[in-house]
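A.B. asks: please work out how this folds:
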Amino acid sequence: MAVELDNIVLVYLRRIDEKIDRVVEGVQDLKVRLEAVAIRLTDVDRSLGRIDDRLDRIERRLGLANRTL
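C.D. replies: You can find the predicted model right below:
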C-alpha cells in the first residue's frame with residue numbers, strides 16, 4: 001500500500017513539475033515579447049520627437065511659433 005501511495009505522489013509531483021516548466025517557458029516568452037515592445041516603443045518615441053522638431057521648424061518658418069520660448 002505504501003508503494004502505491006509513493007507512486008501516486010510521484011505521479012502528481014511529475015505533473016506539477018511539467019506544469020511549472022510550461023509556466024517558466026511562458027514567462028520567458030512574455031519577457032522576450034515585452035522587451036520587443038519596449039524597443040519598439042522607444043523607436044516610436046524617437047520618431048515622435050523628430051516629428052515634433054520638424055513641426056517646430058515649420059511653425060517658425062510660417063511665423064506661427066510662440067515667441068516666448
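A.B. asks: avg pLDDT for the helix or strand hosting Arg33?
C.D. replies: According to DSSP states H and E, Arg33 maps onto helix 2-62. Helix 2-62 shows a mean pLDDT of 95.
A.B. asks: centre-most residue in this structure?
C.D. replies: In the chain, the C-alpha nearest the mean C-alpha coordinate belongs to Leu34, at 1.4 Å (CA atoms, centre = their mean).
A.B. asks: what sits against it?
C.D. replies: Counting by CB atoms under 8 Å, 6 or more residues apart in numbering, Leu34 makes contact with nothing. (Glycine included, C-beta is placed from N, CA and C.)
A.B. asks: how much space separates it from Val24?
C.D. replies: Distance, Leu34 to Val24, using CB to CB, to the nearest Å: 15 Å.
A.B. asks: ok, Arg61 next?
C.D. replies: For Arg61, the distance to Val24 (CB to CB) stands at 56 Å.
A.B. asks: what of Ala36?
C.D. replies: Applying CB to CB, the value for Ala36 to Val24 is 19 Å.
A.B. asks: one more: Val9?
C.D. replies: Plainly put, Val9 is 22 Å away from Val24 if you go by CB to CB.
A.B. asks: repeat that for Ile58.
C.D. replies: Counting by CB to CB, the separation of Ile58 from Val24 is 51 Å.
A.B. asks: what's the answer for Arg40, then?
C.D. replies: In this view, Arg40 and Val24 are 25 Å apart by CB to CB.
A.B. asks: thinking again about what came up before, now the helix holding Arg33, how far from the centre of its chain.
C.D. replies: Distance of helix 2-62 from the chain centroid (CA atoms, centre = their mean, to the nearest Å) equals 4 Å.
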